[in-house]
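Participant: The following block contains a protein sequence and its predicted model.
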Amino acid sequence: NAGVTQTPKFQVLKTGQSMTLQCAQDMNHNSMYWYRQDPGMGLRLIYYSASEGTTDKGEVPNGYNVSRLNKREFSLRLESAAPSQTSVYFCATRQETQYFGPGTRLLVL
Amino acid sequence: QKEVEQNSGPLSVPEGAIASLNCTYSDRGSQSFFWYRQYSGKSPELIMFIYSNGDKEDGRFTAQLNKASQYVSLLIRDSQPSDSATYLCAVNGETGGFKTIFGAGTRLFVKA
């Protein structure tokens, strides 16, 4: 029972490159979330999916897109990475409380 | 005004002391309140949740909620060096909603 998994664990991009962060859960939860965490800023919600087939913007959606592929998988795409997107990205599910993946550390040069 | 506010710290306490962490929130309709612990380089993990006014105890941890004052706190008794981490306060922001609002966290250091 892996819980919430994320790939990759670490990534370095050049400005303008694109990439997709993958998240999968085996907890059978309906809701899935993408957060970014920057020093002193706490966790900020990028996008969330209340259930399969729906996605909604969070607090900081600009520069990102998401896909809820099925109940298990929720991906986050950066179409044209910018240095301001250097951060740690966490995927989470929620069933009353949140369950977090291990995080992806992204550096954009 | 931030929706969930915490003192960023660092809060430093000696081993064996009580650590007191505080949090205020702005949405009066909030129903569920959580404390997460995050070790450096790791993901947040839930340590306590509370729904009703008053105190809730779990081992060395006590969560306190005062909805009238929009205030949540976490007490850690007999603090240990292993409790050194960042503690995130979180609030389910809307009644029946899907968003959880996190505070920026308080860094706690427990000195041996």
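Facilitator: Here it is on my side, so go on. Numbering: from 1, shown residues only, chains lettered A, B, ... in the order given.

Participant: near chain B, which residues of chain A?
Facilitator: Proximity of chain A to chain B, by C-beta under 8 Å from any C-beta of the partner chain, involves residues A:31, A:33, A:35, A:40-45, A:48, A:50, A:56, A:58, A:90, A:94, A:96-103. To be clear about C-beta, it is placed using only N, CA and C from the backbone, and glycine gets the same treatment.

Participant: now the end-to-end length of stretch A:39-56.
Facilitator: Using C-alpha to C-alpha, to the nearest Å, the end-to-end distance of stretch A:39-56 comes to 25 Å.

Participant: List the buried residues of that stretch.
Facilitator: Neighbour counts over stretch A:39-56 (16 or more other C-beta atoms under 10 Å in any protein chain shown) mark A:42, A:43, A:44, A:45, A:46, A:47, A:48, A:49, A:50, A:55 as buried.

Participant: before we move on, what about stretch A:77-90?
Facilitator: For stretch A:77-90, the neighbour count (16+ other C-beta under 10 Å) marks A:78, A:81, A:85, A:86, A:87, A:88, A:89, A:90 as buried.

Participant: swap in stretch A:97-109?
Facilitator: Quick answer for stretch A:97-109 (16+ other C-beta under 10 Å): A:97, A:98, A:99, A:100, A:101, A:102, A:103, A:104, A:106, A:108.

Participant: Low-confidence ranges, chain B, go.
Facilitator: For chain B, applying pLDDT under 70 flags the ranges B:1-2, B:93-96.

Participant: who in it is up against chain A?
Facilitator: Taking C-beta under 8 Å from any C-beta as the contact definition, chain B meets chain A at B:8, B:32, B:34, B:36, B:42-46, B:49, B:88, B:90, B:98-100, B:102-105.
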